[in-house]
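**Student:** mind folding the following:
(chains A and B)
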Number of protein chains: 2
Amino acid sequence: MRRLKATISYDGTHFSGYQVQPGERTVQLEIENVLSKMHKGDSVRITASGRTDSKVHASGQVIHFDTNLSIPVDRYQKALNVQLPSDIRILNVEEVPSDFHARFSVKGKRYRYIWSCEQVQSPFRRHYTVDTKGVKPNIEKMKDAAQYIIGTHDFTCFCAANTSVVDKVRTVHSLDLKWHEDELHMTIEGNGFLYNMVRIIAGTLWEVGIEKRDPNQLKEIIASMDRGNAGKTAPPHGLFLEKVFY
Amino acid sequence: MRRLKATISYDGTHFSGYQVQPGERTVQLEIENVLSKMHKGDSVRITASGRTDSKVHASGQVIHFDTNLSIPVDRYQKALNVQLPSDIRILNVEEVPSDFHARFSVKGKRYRYIWSCEQVQSPFRRHYTVDTKGVKPNIEKMKDAAQYIIGTHDFTCFCAANTSVVDKVRTVHSLDLKWHEDELHMTIEGNGFLYNMVRIIAGTLWEVGIEKRDPNQLKEIIASMDRGNAGKTAPPHGLFLEKVFY
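**Tutor:** Residues are numbered from 1 along each chain as shown, chains lettered A, B, ... in the order given. Got it, this is the predicted structure:
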């Protein structure tokens, strides 16, 4: 038995998220089905760094699984890519020590969130960016607000209310905002993220960007530890899990 | 009655091409359906600069139609975009003289063809680029071959055999090849293009790029006026109609 780590990318558009759910097309199900075929029908369970929701994308999700097949790792990658649907791609496969765990060994993650601020959203970007209908936010105000988020805080205010996690203290290492032509990209890196945290941060910073909120409100929002004080949860299809750090 | 010219963009992935065909989802049908609703059920016929095939995209297709509605052109654009599916977008609407004709007034067109040459194609680019499975062609040889195509020639060799057009002389003004990171972009501009011409040129240049053909073979291929001597027709989903000149 050896443990393999795979870095994968998927277009979340046509998935009901990462995790297996009865009757739904999910990323985990598609990969486990192909692995099971490769293992002559034996079921193979994969473990990811964390779930992603329906329509959320990944350019660098990480999974691990155990296998008794002795084929080389690059052959593994090719065999998986040939059999997987084209909206999931295996970018890399490597052998790791048996104590490596895709979820418990995580040191940090980076996400990207993209708004398309063109007057008319390109149809080629409709599944990968959130259409602002031409609204261009004030990026300087968003950057000011972001300064309150960077650091170690109890992020209860940015966590979906229906979560069972107890410790909501996380560290955000960086939060950058940058124009790429008419698209606004937010990248956020931290040691861990609560359920919906990136999308709630994106939604709250957006409200600052369109001057519905002042940047310095972020200080009070975080201190309040009340989800109700933060902004709306931004739509899923603008979000990419970009990198997992170990 | 006034004549309106609209510049439109569409993601060809889920269309059976531009032109209305019984029982098929086409770009023309979707736009005519919305226009008909706006005109209280009266049928409105649109005319495009030319057809595009199934899975071929457009970032700058042009259509015209006649209307008796007196609403301003920017309101027209918004009303259309609200009602159209998100894989078709109206980029611009303007009033034009009644003798403007989207097809017969065309002075030239520009197309783009894109190959994705990464080891593993990004799932986000799978509908918009042709996957070369990591093969990187020799762009210098492709550029050498392109020199034989630029100019005024009888392009019978690059025309799908089942065409009814008699005069196959066209002028290619420019044919550029350029790397954009791991994507190879071919842009071609000319006064007109025969059926499948851009895709057959792309397929032939590709065969030069992977050194299956010599660049100077292009001279003989064109002179032969025989479709059988050119390369394979490249797949539709790498092709974009980028601009129509009037």
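**Student:** pull the helix or strand with minimum mean pLDDT from chain A.
**Tutor:** helix A:73-83 (a mean of 94; mean pLDDT, DSSP states H and E).
**Student:** sec struct for A:Glu220, please.
**Tutor:** helix (DSSP: H, G, I helix; E, B strand; the rest coil).
**Student:** domain parsing of chain A, as residue ranges.
**Tutor:** A:2-96, A:108-245 (automatic domain parsing).
**Student:** including distance to B:Asp66, could those domains go into a markdown table?
**Tutor:** Heads up, the C-betas are built off the backbone N, CA and C, glycines and all. Listed next are those as a markdown table, based on distance: least, CB to CB, whole Å:
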| stretch | distance to B:Asp66 |
| --- | --- |
| domain A:2-96 | 37 |
| domain A:108-245 | 23 |
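**Student:** now those domains in CSV, with mean neighbour count and distance to chain B?
**Tutor:** Converted to CSV, the domains of chain A look like this (neighbours: other CB atoms under 10 Å in any protein chain shown; distance: least, CB to the nearest CB, whole Å):
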stretch, mean neighbour count, distance to chain B
domain A:2-96, 17, 4
domain A:108-245, 18, 4
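**Student:** now for those, which one comes closest to B:Lys78?
**Tutor:** domain A:108-245 (9.4 Å; CB to CB).
**Student:** any idea how far that closest one is from the chain center?
**Tutor:** 12 Å (CA atoms, centre = their mean, to the nearest Å).
**Student:** measure it end to end?
**Tutor:** 5 Å (CA to CA, to the nearest Å).
**Student:** if you average pLDDT over that domain, what comes out?
**Tutor:** When pLDDT is averaged along domain A:108-245, the result is 97.
**Student:** how about A:Glu30, phi and psi?
**Tutor:** For A:Glu30, the backbone dihedrals (degrees, to the nearest 10) come out as phi -60, psi -40.
**Student:** B:Arg103: which of the domains of chain A is closest?
**Tutor:** Of the domains of chain A, nearest to B:Arg103 by CB to CB is domain A:108-245, at 22.5 Å.
**Student:** and the next helix or strand past the least confident helix or strand of chain A?
**Tutor:** strand A:88-96 (DSSP states H and E).
**Student:** packing partners of whatever helix or strand comes next after that next one?
**Tutor:** Going down the chain from strand A:88-96, the next helix or strand is strand A:108-116, by DSSP H and E. For strand A:108-116, the packing partners by 3 or more CB pairs under 8 Å, 6 or more residues apart in numbering or on different chains; DSSP states H and E come out as strand A:130-131, strand A:183-190, helix A:197-209, strand A:239-245.
**Student:** and the second one, C-alpha only, in PDB?
**Tutor:** It refers to strand A:183-190. The C-alpha trace of strand A:183-190 is given here as PDB (Å, rounded to 0.1, in the frame of the first residue of the first chain):
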ATOM      1  CA  GLU A 183     -11.800  42.100 -13.800                       C
ATOM      2  CA  LEU A 184     -11.200  42.700 -10.100                       C
ATOM      3  CA  HIS A 185      -9.300  39.800  -8.400                       C
ATOM      4  CA  MET A 186      -9.200  39.300  -4.700                       C
ATOM      5  CA  THR A 187      -6.700  36.800  -3.400                       C
ATOM      6  CA  ILE A 188      -6.700  35.700   0.200                       C
ATOM      7  CA  GLU A 189      -4.200  33.500   2.000                       C
ATOM      8  CA  GLY A 190      -4.500  32.100   5.500                       C
END
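**Student:** which strands border that strand, and is each parallel or antiparallel?
**Tutor:** Strand partners for strand A:183-190, identified by DSSP bridges, are recorded as strand A:108-116 (antiparallel), strand A:169-180 (antiparallel).
**Student:** okay, the angle between the longest one and strand A:239-245?
**Tutor:** The one in question is strand A:169-180. 120 degrees (axes from the mean of the first three to the mean of the last three CA atoms, to 10 degrees).
**Student:** which other residues reach strand A:169-180?
**Tutor:** Under the criterion CB atoms under 8 Å, 6 or more residues apart in numbering or on different chains, residues A:108, A:139, A:142-143, A:146, A:149-155, A:184-194, A:197, A:201, A:205 lie in contact with strand A:169-180.
**Student:** thinking again about what came up before, who are the packing partners of the least confident helix or strand of chain A?
**Tutor:** Using 3+ CB pairs under 8 Å, 6+ apart, helix A:73-83 sits against strand A:2-10, helix A:27-38, strand A:88-96.
**Student:** from A:Leu205, how far off is A:Asp74?
**Tutor:** 41 Å (CB to CB, to the nearest Å).
**Student:** leaving out the residues flanking it, which one is nearest to A:Asp182?
**Tutor:** A:Glu118 (4.4 Å; CB to CB, 6 or more residues apart in numbering or on different chains).
**Student:** before we move on, what SS does the one you found have?
**Tutor:** coil.
**Student:** that one reaches A:Lys133, doesn't it?
**Tutor:** No. The pair A:Glu118 / A:Lys133 is not scored as a contact, 9.1 Å apart, by CB atoms under 8 Å.
**Student:** test my guess that A:Val165 contacts A:Asn196.
**Tutor:** No. Between A:Val165 and A:Asn196 there is no contact under CB under 8 Å: 11.5 Å.
**Student:** which residues do those two both contact?
**Tutor:** Overlap of the contact sets of A:Val165 and A:Asn196 (by CB under 8 Å, 6+ apart) consists of A:Cys159.
**Student:** wait, A:Val198 sits on A:Arg110?
**Tutor:** No. Counting by CB under 8 Å, A:Val198 sits too far from A:Arg110 to count as a contact (10.0 Å).
**Student:** which residues are in contact with both of these two?
**Tutor:** By CB under 8 Å, 6+ apart, the residues touching both A:Val198 and A:Arg110 are A:Ile188.
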